[in-house]
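**Student:** following is a predicted model, sequence given first.
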Amino acid sequence: MSEKAQVILERLKALSNPDNVAGMARFGINPHNTLGVSIPDMRQIAKEIGRDHTLAVELWDSGIHEARLLAGFIADPRQMSEALIDRWVQDFDSWDICDQTCGLFARTPFAYSKAFAWSSQPETFIKRAGFVLMATLAVHDKHAPDERLAQFLPVIARAERDERNFVKKAVNWALRQIGKRSQSLNGQAIETARQIQQIDSKAARWIAADALRELTSASVQARLQAKGGQHAAPK
């Protein structure tokens, strides 16, 4: 490990807070190898470092929770190889690591293929990553045509029976974000939610009800209408 990486790890350890670790565990964050460093402190460190892909890889390989979060902040998406992405996703053991790192993955050329591939995997956080990628792409890939994002909807519909909390929340997140992208996608997402609603599954009913509540809301409909287009939400 480089001297620079060792210095950063020592800095993180100096900011450790056992009380924070206990609080994080209550919110479903894996306490193993976790220091309890606050997100504002890590963002400040990341700002000081800037982009440093080599350092990011070293920090990730340390196995320390906060070091991996920091790696997601400073890694260069242009240098993320498919092999490295596949290696990192195998290490996901907590929803915050998953979600933060997927923000990085979404800026790589592999994002769409990984969203499809991971969403069918059995491992909780790999499967979650597939749907988090879908949600992230719906928000941040500004140039993606509706048709490209609509391809995710059948995948979302097939995941409706997964009762795992970390999975079903990501499925719901993806459905809602796609449905808020445009009027056309709003109508398609609402139709998908109504199909899911018919499934005899507690997870399916929750995913559908929560998504429909937001996607048919007056605020979302007004915002989409203001963006233009004539498509109206199905009644």
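**Tutor:** That came in fine, so what should we check first? Numbers count the residues shown, from 1 in each chain.

**Student:** just give me the neighbour total for V171.
**Tutor:** The tally of other residues near V171 (other Cβ atoms under 10 Å) stands at 31. To be clear about C-beta, it is placed using only N, CA and C from the backbone, and glycine gets the same treatment.

**Student:** what's near enough to touch it?
**Tutor:** If a contact means Cβ atoms under 8 Å, 6 or more residues apart in numbering, then V171 has 131, 156, 159-160, 162, 207 as its contacts.

**Student:** work out for me the element it sits within.
**Tutor:** According to DSSP states H and E, V171 maps onto helix 165-179.

**Student:** buried set for that helix?
**Tutor:** Within helix 165-179, the residues that count as buried by 16 or more other Cβ atoms under 10 Å are 166-179.

**Student:** domain parsing of this structure, as residue ranges.
**Tutor:** Domains of the chain are assigned by automatic domain parsing as 1-75, 94-228.

**Student:** below-threshold pLDDT in this structure: ranges please.
**Tutor:** The model of the chain has pLDDT under 70 over residues 229-235.

**Student:** quick test: name the residue nearest the centre of it.
**Tutor:** In the chain, the C-alpha nearest the mean C-alpha coordinate belongs to V132, at 3.1 Å (Cα atoms, centre = their mean).

**Student:** what's the spacing between the closest residue to that residue other than its chain neighbours and V57?
**Tutor:** Using Cβ to Cβ, 6 or more residues apart in numbering and skipping the chain neighbours, the partner closest in space to V132 is C102 (4.4 Å). In this view, C102 and V57 are 17 Å apart by Cβ to Cβ, to the nearest Å.

**Student:** do T124 as well
**Tutor:** The gap separating T124 from V57 is 24 Å, by Cβ to Cβ.

**Student:** repeat for V155
**Tutor:** 30 Å.

**Student:** before we move on, what about L15?
**Tutor:** From L15 to V57 the distance is 22 Å (Cβ to Cβ).
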